[in-house]
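> sequence and computational prediction follow.
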Amino acid sequence: MPINIPRDFPAGFVLEKEDVFAISQERANHQDIRPLKIAILNLMPNKIDSEIQLLRLLSQTPLQIDVDFLRISNHEHKHTSVKHLNKFYQTFDEIQDDCYDGLIITGAPVEQLAFEEVDYWEELTEILDWSQTNVTSTLHICWGAQAALYHHYGIEKISYEHKLFGVYTNKLLGRSRLTRGFDDEFYTPQSRYTGIMEDQIDPEEVRIIARNPEIGATILASTDYRNCFILGHFEYDTDTLKKEYLRDHERGIATEIPENYFHYNQLDDEIINRWRSHANLFYRNWLNDVYQVTPYDLAGIRQRALKKTSKEKEYGTSAVY
């Protein structure tokens, strides 16, 4: 089934060439079903690349999806034109009274800063708080995951000596709705300077779904699945790490060649994509899970959140939606 995007959205032309089924808003309005309403807070510098990558994954489902792109209002976006942002993106002020079935918060290249030093931290935390009452489930990616784990649960990040860069194995730690159909081991691209302090995780609040013994937790979720976290980049294209490696070296950053990525670990070798099938399956599972639990009337999301909060106050436990 299709994703619903504006008629002249630039990513649509790329996706059309890949036979990804997208329809215009006019045609979607004539279909007698309620599409899932998904918002994407895009914090990545190259927003168009991120748009294509995420829309490609969201399209691999039999559900129709309406997508709204969000941007930070008080931050200078240097790598994406103002014209593109004004035409296709909304600010939080414009959507804060709305409800969404799902929200995706991307990573951002600010992980070496303390959270409070990020120039849009105050606005981001406002969005994170809003997501707990106005969104059925939020998927946080990489730095977005670290920021949410810190804000919601007080889990601090740790800095690595060197950039974690390459494609790494993950081992499942039991069953989860997010990893139905997964192999016991799978791969995710990683590109980050920081991780999380796992000893600060309260298993009554957050569960580790997959991890690597050397790099730690890679997929986590709150016990009610309202918050899901990927410490990695399922959405990356095959050549994204190569482009990042070359960009780092152009800037004088001595990044090592990405691990377990090139066939013979040489820059000119063939790139082996080991994560594509599990990336598609993960996003399909997340969307299906949202579809199963979200109310038909979007206003019911806020009502459900208020009931959950009152139950937690009464019983002192996390109520599963």
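That came through fine. Numbering: from 1, shown residues only.
> how about whichever strand or helix holds K243, which residues are buried there?
Taking DSSP states H and E as the criterion, K243 maps to helix 240-250. For helix 240-250, the neighbour count (16 or more other Cβ atoms under 10 Å) marks T240, L241, K242, E244, Y245, D248 as buried. All C-beta atoms are positioned from the backbone trio N, CA, C, and that covers glycine.
> adding pLDDT, write these out as JSON lines.
Listed next are the buried residues of helix 240-250 as JSON lines, based on pLDDT from 0 to 100:
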{"residue": "T240", "pLDDT": "97"}
{"residue": "L241", "pLDDT": "98"}
{"residue": "K242", "pLDDT": "97"}
{"residue": "E244", "pLDDT": "96"}
{"residue": "Y245", "pLDDT": "97"}
{"residue": "D248", "pLDDT": "95"}
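> report the two of those separated the most.
T240 and D248 (12.6 Å; Cβ to Cβ).
> start and end of stretch 98-112, how far apart?
By Cα to Cα, to the nearest Å, the extent of stretch 98-112 from end to end equals 33 Å.
> what about stretch 192-208, how long is it end to end?
Chord length of stretch 192-208, first to last residue, is 19 Å (Cα to Cα).
> do stretch 249-269 as well
18 Å.
> do the same with stretch 256-274
20 Å.
> starting at the chain centroid, how far to it?
Distance of stretch 256-274 from the chain centroid (Cα atoms, centre = their mean, to the nearest Å) equals 25 Å.
> repeat that for stretch 127-138.
14 Å.
> same thing with stretch 290-304?
On Cα atoms, centre = their mean, the centre of stretch 290-304 falls 20 Å from that of its chain.
> pull out the buried residues from that stretch.
V290, Y291, V293, T294, L298, I301, R302, R304.
> follow-up on the earlier one: so what does the helix holding K243 touch, helix or strand wise?
Packing partners of helix 240-250 (3 or more Cβ pairs under 8 Å, 6 or more residues apart in numbering; DSSP states H and E): strand 157-172, strand 185-196.
> who does the last one pair up with?
Sheet pairing of strand 185-196 (DSSP bridges) gives strand 157-172 (antiparallel).
> can you state the direction angle for the strand it pairs with and helix 240-250?
If you take axes from the mean of the first three to the mean of the last three Cα atoms, to 10 degrees, strand 157-172 sits at 160 degrees to helix 240-250.
> state the mean pLDDT of strand 157-172.
Mean pLDDT, computed over strand 157-172, is 96.
> could you do stretch 265-281 as well?
In this model, stretch 265-281 has an average pLDDT of 95.
> ok so, going back, any chance of the buried residues of helix 240-250 in TSV, plus distance to S176?
Converted to TSV, the buried residues of helix 240-250 look like this (distance: Cβ to Cβ, whole Å):
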residue	distance to S176
T240	26
L241	26
K242	31
E244	29
Y245	32
D248	34
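> which residues in this protein form strands?
Using DSSP state E, the strands of the chain run over 3-4, 22-23, 36-41, 65-70, 89-90, 100-105, 135-141, 157-172, 185-196, 206-212, 216-222, 227-230.
> worst mean pLDDT among these?
Sorting the strands of the chain by mean pLDDT places strand 22-23 lowest, at a mean of 53.
> residues near the closest residue to D248 other than its chain neighbours, how many?
If the residues on either side of it in the chain are set aside, D248 comes closest to T255, at 4.0 Å by Cβ to Cβ, 6 or more residues apart in numbering. Using other Cβ atoms under 10 Å, the number of residues around T255 comes to 17.
> for T255, what are its contacts?
By Cβ atoms under 8 Å, 6 or more residues apart in numbering, the residues touching T255 are K163, F165, E244, Y245, D248, H249.
> run the last query once more with 7 Å
Contact analysis of T255 by Cβ atoms under 7 Å, 6 or more residues apart in numbering lists K163, F165, Y245, D248, H249.
> distance of the last one from K242?
The reference is to H249. 11 Å (Cβ to Cβ, to the nearest Å).
> I'd guessed L128 sits against Y153; true?
No - L128 sits out of contact with Y153 when judged by Cβ atoms under 7 Å, with a separation of 11.2 Å.
> for the two, indicate the residue with more neighbours.
Neighbours per residue (other Cβ under 10 Å) separate L128 from Y153, with L128 holding more: 21 against 16.
> burial measure for the residue lying closest to that one once chain neighbours are set aside, as a count.
Nearest residue to L128, sequence neighbours excluded (Cβ to Cβ, 6+ apart): H151, at 5.2 Å. H151: 15 surrounding residues under other Cβ under 10 Å.
> likewise for W143?
If you count neighbours by other Cβ under 10 Å, W143 ends up with 26.
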